[in-house]
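A.B. asks: Need the 3D shape of this:
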Amino acid sequence: MLRVGVALVLALCIVGCGNATGARQQGSSVARLRITVWPQGKAGEKAVYTLSCPTSKSTLPAARAACKKLSHLGARAFAPVPRGTACTLIYGGPQQALVTGRFAGKTIRAVFSRSDGCQVARWRRVAFLFPHSLASP
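C.D. replies: Okay, here's the model as predicted:
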């Protein structure tokens, strides 16, 4: 009887752990994002894209690659610059972007610009979400 109990507990643990891991992995790569990009700043025209991961009904070019890159970046993809960070005062351009939606089970509302060195670094980290944003007019 003891062997049966131990086997049952072991089986439940394996099944339960497998499901938790699978759900966590699947949830971490799920994204439903709306990406608005102003290549010439907010005074200019905007481009709007959608990204759904796994890729279905995405309008973002190279959506499959973008999903893979987002999965690798995880939470830092949309992380703001920490308060108190010293940033170079190097202007990177007028480009701006807004990303809203859900990523890895969390609500996302991230504003991107190229107003200083820290913001340029954030922009570069996820530039694959902003196609043609640096193209000349």
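
A.B. asks: Could you find the closest non-adjacent residue to Pro50?
C.D. replies: For the record, residue 50 is Thr, not Pro. Nearest non-adjacent residue to Thr50, counting by C-beta to C-beta, 6 or more residues apart in numbering: Thr59, 4.9 Å away. C-beta coordinates here come from the backbone N, C-alpha and C atoms, glycine included.

A.B. asks: show me what contacts the one you found?
C.D. replies: If you count contacts by C-beta atoms under 8 Å, 6 or more residues apart in numbering, Thr59 has them with Val48, Tyr49, Thr50, Leu51.

A.B. asks: Selection in PyMOL covering whichever of those are buried, please.
C.D. replies: For the buried members of the contacts of Thr59, the matching PyMOL selection, counting by 16 or more other C-beta atoms under 10 Å, is:
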select buried, resi 49+51
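
A.B. asks: got the contacts of Thr59 as JSON lines, with pLDDT and distance to Arg122 columns?
C.D. replies: Shown next, in JSON lines, are the contacts of Thr59 (pLDDT from 0 to 100; distance: C-beta to C-beta, whole Å):
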{"residue": "Val48", "pLDDT": "97", "distance to Arg122": "20"}
{"residue": "Tyr49", "pLDDT": "97", "distance to Arg122": "18"}
{"residue": "Thr50", "pLDDT": "96", "distance to Arg122": "21"}
{"residue": "Leu51", "pLDDT": "96", "distance to Arg122": "17"}
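
A.B. asks: Return the closest of the contacts of Thr59 with respect to Phe112.
C.D. replies: The nearest member of those to Phe112, counting by C-beta to C-beta, is Tyr49 at 13.5 Å.

A.B. asks: which phi and psi does the closest one have?
C.D. replies: In terms of degrees, to the nearest 10, the main-chain angles of Tyr49 are phi -130, psi 160.

A.B. asks: So what pairs up with it in the strands?
C.D. replies: Note on Tyr49: beta-bridge partners by DSSP bridges are Ile35.

A.B. asks: hang on, it packs against Val37?
C.D. replies: Yes: using C-beta atoms under 8 Å, Tyr49 is in contact with Val37, at 7.5 Å.
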